[in-house]
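>>> Quick check, what structure comes out for this input:
(chains A and B)
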Amino acid sequence: MIILGIETSCDETAVAILEIQNSNFKIRKNVVSSQVKIHAKYGGIVPELAARKHAENIIGILETALSFKPEIRDWKSKIENYVDAIAVTNGPGLITSLLVGVEAAKTLAFLAKKPLIPVNHLAGHIYANFIDQSQIFQNLFPAICLVVSGGHTELILMKDFENFKKIGQTLDDAAGECFDKVAKILGLGYPGGPAIAKCAQQSKFKKFQTNSKFSIKLPRPMIDSGDFNFSFSGLKTAVLYKIRELGNIKTQKFISEICAETQQAIIDVLIAKTIHASQKFNAKSIILGGGVVANEELRKQIKLKIKNLKIKLLIPPKILCTDNAAMIAAGGYFKLKKIPRSKWLIKFDWQKIKVDPNLEI
Amino acid sequence: MHLNFISKSEKETENIGNKFAKQLKGGEVIGLIGELGTGKTVLVRSLAKALGIKKSITSPSFVLLKLYKIKNSKIKNLVHVDAYRLKNEKDLIEIGILDWLNKKDTVVVIEWAEKVKKILPKKAIKVIIKFGKKENERIIKIKR
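Just a heads-up that it's a prediction; the model follows:
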């Protein structure tokens, strides 16, 4: 089976072709706007926000993704003959961006008479785990999922491949947003996560003494709150206070140390709450997803922390942590496989698709 | 009208937000201006709570605009906008901000309002927050 996935919920315009054989996934194409020099091809820059740019990008990205079977040049017959269904993100996200992907998907579904499956973006980040073939999917549920990105920080109880229940979330800023804002305060640029991780690494090599004047301690917001909610807005303020307290020292040493501590504070809270939730709900596995999961320290430390617990850990490869359409196609597959093929077109009628910028999981 | 407050803690900022909310009648556009960490989130959170919203007020940085419905109140909608990632007002216009401005049953709060000056109505209330001398101190100016 071949599923065409489309994702445009935020900054990235993404299209993927996912092949599924005997429950094994194979990514045939995974195109993301920031990976291709589409702006060179279409004569315009690719900005972070404007939906107009998604609209400009989507055709080029589709073209690149549909480059399999180059002998068939027209999209309609290619999709008619080789694609079984189309999956698209219908929320949550930026409304104007979502609409571009959804309208493109609707057009293709209408033209090629294919089922169109709406997929929740957050569920997509979780489904990204099932694309990696090396992981075994037996005895996973109940699972505790941590979806953490620039726009979201949510803990989700997953009872089977399609049953999700949110058990906690950030009460203000997402973890990725905290990385972004701290990076902004320190003048490290955007996106903040990778910039902070890089600076933090330099700190480790130098090994600060605990009583040195650079030794920085930041709060771990809500770590002992007992619930599964998060709060990261105050962490960046704490960083501001530290900078002020230490007299605006912006030496490389100071910056790398504060980056290391910011990263550690975020990781500590994420891991503690996730493990706490997994124990409370007797989870058989912990599943991670979202852009922040590309953070190497988070990946390393959560592996270490659960080593002695009888629990499985699923982490997507880094390339599938950030926004992509392969995860959306995978989400489409799980919805599709429950229903006999003869009913696909009725159940997944493109005319039924609704876009919801605040869609909950 | 000019009001000046000095807040000595997060709690005091919350109280100011609370009192401010009680003055609102609907139709207001509130522009928040202040650097990272001055307490814009705290102010919006307390304002929303005082207006009767039970949901947590999460950052709209990525979706730009979040709408909260309020039951059993003259003010029926709170629109929370974050212009942090924007260069100008274009993106906000595209997602339909104009539908919400000056609506009698709606209060619009815009964080980083200085980035979208052109869409702010003349009678918009400006809330300017600055760091005070001490760590937790903030100077809050409300101008209408």
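>>> for the chain, what spans make up the helices?
All of this is about chain A. Counting by DSSP state H, chain A has helices at residues A:38-42, A:51-65, A:75-82, A:95-112, A:121-127, A:175-186, A:192-206, A:233-245, A:252-280, A:296-305, A:326-336, A:344-347.
>>> Please refer instead to chain B.
For chain B, the helices defined by DSSP H occupy B:10-23, B:40-50, B:90-94.
>>> so can I have a markdown table of the ones you listed showing mean pLDDT?
Shown next, in a markdown table, are these (pLDDT from 0 to 100):
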| stretch | mean pLDDT |
| --- | --- |
| helix B:10-23 | 94 |
| helix B:40-50 | 94 |
| helix B:90-94 | 81 |
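>>> What is the burial count for the closest residue to chain B within the stretch 151-300 of chain A?
When distances are taken as CB to the nearest CB, the stretch 151-300 of chain A reaches nearest to chain B at residue A:151, 3.6 Å away. The C-beta positions use only the backbone N, C-alpha and C, and glycine is treated the same way. Applying other CB atoms under 10 Å in any protein chain shown, we find 28 residues neighbouring residue A:151.
>>> cool, and the one 3 residues further on?
As a burial measure, the neighbour count of residue A:154 was computed by other CB under 10 Å and equals 25.
>>> Thought residue A:122 was touching it, still the case?
Yes - if you go by CB atoms under 8 Å, residue A:154 and residue A:122 touch, sitting 6.5 Å apart.
>>> Count the neighbours of the nearest residue to the residue of the stretch 151-300 of chain A closest to chain B once chain neighbours are set aside for me.
Using CB to CB, 6 or more residues apart in numbering or on different chains and skipping the chain neighbours, the partner closest in space to residue A:151 is residue B:62 (3.6 Å). Residue B:62: 23 surrounding residues under other CB under 10 Å.
>>> Then residue A:351?
Neighbour count for residue A:351, taken as other CB under 10 Å: 8.
>>> contacting residues around it?
Applying CB atoms under 8 Å, 6 or more residues apart in numbering or on different chains to residue A:351 gives the contacts residue A:106.
>>> what's around the nearest residue to residue B:71 once chain neighbours are set aside, how many residues?
Nearest residue to residue B:71 in three dimensions, chain neighbours excluded: residue B:52, at 7.2 Å (CB to CB, 6+ apart). By other CB under 10 Å, the residues close to residue B:52 number 14.
>>> before we move on, the earlier item: which neighbours do residue A:154 and residue A:122 share?
Joint contacts of residue A:154 and residue A:122 (CB under 8 Å, 6+ apart) are A:147, A:361.
>>> still on that earlier bit, show the contacting residues for the residue nearest to residue B:71.
Residue B:52 neighbours (CB under 8 Å, 6+ apart): B:70, B:71, B:72, B:73.
>>> how much space between it and chain A?
17 Å (CB to the nearest CB, to the nearest Å).
>>> ditto for residue B:116
For residue B:116, the distance to chain A equals 13 Å [CB to the nearest CB].
>>> What's the mean pLDDT across stretch A:9-27?
Taken as a whole, stretch A:9-27 has a mean pLDDT of 91.
>>> wait, I meant stretch A:321-329
The pLDDT scores in stretch A:321-329 average 96.
>>> Residues contacting it, please?
Contact with stretch A:321-329 is made by A:3-7, A:9-12, A:14-18, A:27, A:30-32, A:65, A:87-89, A:119, A:121, A:124-125, A:127-128, A:131, A:149, A:289-294, A:316, A:320, as judged by CB under 8 Å, 6+ apart.
>>> That stretch: end-to-end distance?
End-to-end span of stretch A:321-329 (CA to CA, to the nearest Å): 14 Å.
>>> Run the chain-centre distance for it.
On the basis of CA atoms, centre = their mean, to the nearest Å, stretch A:321-329 sits 7 Å off its chain's mean C-alpha point.
>>> try stretch A:312-325
7 Å.
>>> Show me which positions of that stretch end up buried.
Within stretch A:312-325, the residues that qualify as buried are A:312, A:313, A:314, A:315, A:316, A:320, A:321, A:322, A:323, A:324, A:325, counting by 16 or more other CB atoms under 10 Å in any protein chain shown.
>>> These: which two are farthest apart?
A:312 and A:325 (26.2 Å; CB to CB).
>>> Residue A:223: how many residues sit nearby?
Count around residue A:223 with other CB under 10 Å applied: 15.
>>> what sits against it?
A:268, A:269, A:272, A:273.
>>> let's go with 10 Å and repeat that
A:230, A:265, A:268, A:269, A:270, A:271, A:272, A:273, A:276 (CB atoms under 10 Å, 6 or more residues apart in numbering or on different chains).
>>> Tell me how many other residues crowd the second one.
When neighbours are counted by other CB under 10 Å, residue A:265 registers 23.
>>> How about it, nearest residue that isn't a chain neighbour?
Excluding the flanking residues, the one nearest residue A:265 by CB to CB, 6+ apart is residue A:218, at 4.6 Å.
>>> just checking, that neighbour touches residue A:243?
No - assessed by CB atoms under 10 Å, residue A:218 is found out of contact with residue A:243, at 11.5 Å.
>>> Need the overlap of contacts for the two.
Among the neighbours of residue A:218, those also in contact with residue A:243 (CB under 10 Å, 6+ apart) are residue A:258.
>>> got the residues of the stretch 51-200 of chain A near chain B?
A:51-52, A:91-99, A:149-153, A:169-174, A:176-178, A:180-182, A:184-185, A:190 (CB under 10 Å from any CB of the partner chain).
>>> Now, of those residues, which are buried?
For those, a burial check counting by 16+ other CB under 10 Å picks out A:51-52, A:91-99, A:149-153, A:169-174, A:176-178, A:180-182, A:184-185.
>>> For residue B:26, give me its contacts.
Shown in contact with residue B:26 (CB under 10 Å, 6+ apart): B:73, B:74, B:75, B:76, B:77, B:103, B:104, B:105, B:106, B:107.
>>> Could you tell me how far the third one is located from residue A:346?
Read that as residue B:75. Computed as CB to CB, to the nearest Å, the residue B:75 to residue A:346 distance reads 43 Å.
>>> How many residues are close by residue B:121?
Residue B:121, neighbours per other CB under 10 Å, totals 13.
>>> nearest spatial neighbour of it, skipping sequence neighbours?
residue B:29 (5.4 Å).
>>> OK, contacts around that neighbour?
Going by CB under 10 Å, 6+ apart, residue B:29 touches B:79, B:81, B:97, B:100-103, B:106-110, B:113, B:119-126.
>>> Over to residue A:152?
By CB under 10 Å, 6+ apart, the residues touching residue A:152 are A:92, A:121-122, A:125, A:169-170, A:174-177, A:289-292, A:361, B:58, B:62.
>>> ok and the residue in chain B nearest chain A?
For chain B, CB to the nearest CB, closest residue to chain A: residue B:62, 3.6 Å.
>>> Generate a PyMOL selection restricted to the buried subset of the contacts of residue B:52.
Here is the PyMOL command that picks out the buried ones among the contacts of residue B:52, judged by 16+ other CB under 10 Å:
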select buried, chain B and resi 70
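>>> the bottom helix or strand of the chain by mean pLDDT?
Picking chain A for this. Across the helices and strands of chain A, mean confidence by mean pLDDT, DSSP states H and E is lowest for helix A:38-42: a mean of 39.
>>> I was thinking of chain B, sorry if that wasn't clear
Confidence across the helices and strands of chain B bottoms out at helix B:90-94, with a mean of 81, counting by mean pLDDT, DSSP H and E.
>>> Find me the pLDDT at the residue nearest to residue A:319 when sequence neighbours are not counted, would you?
Leaving aside its chain neighbours, residue A:319 sits nearest to residue A:30 (7.6 Å; criterion: CB to CB, 6+ apart). Residue A:30 is assigned 94 on the pLDDT scale.
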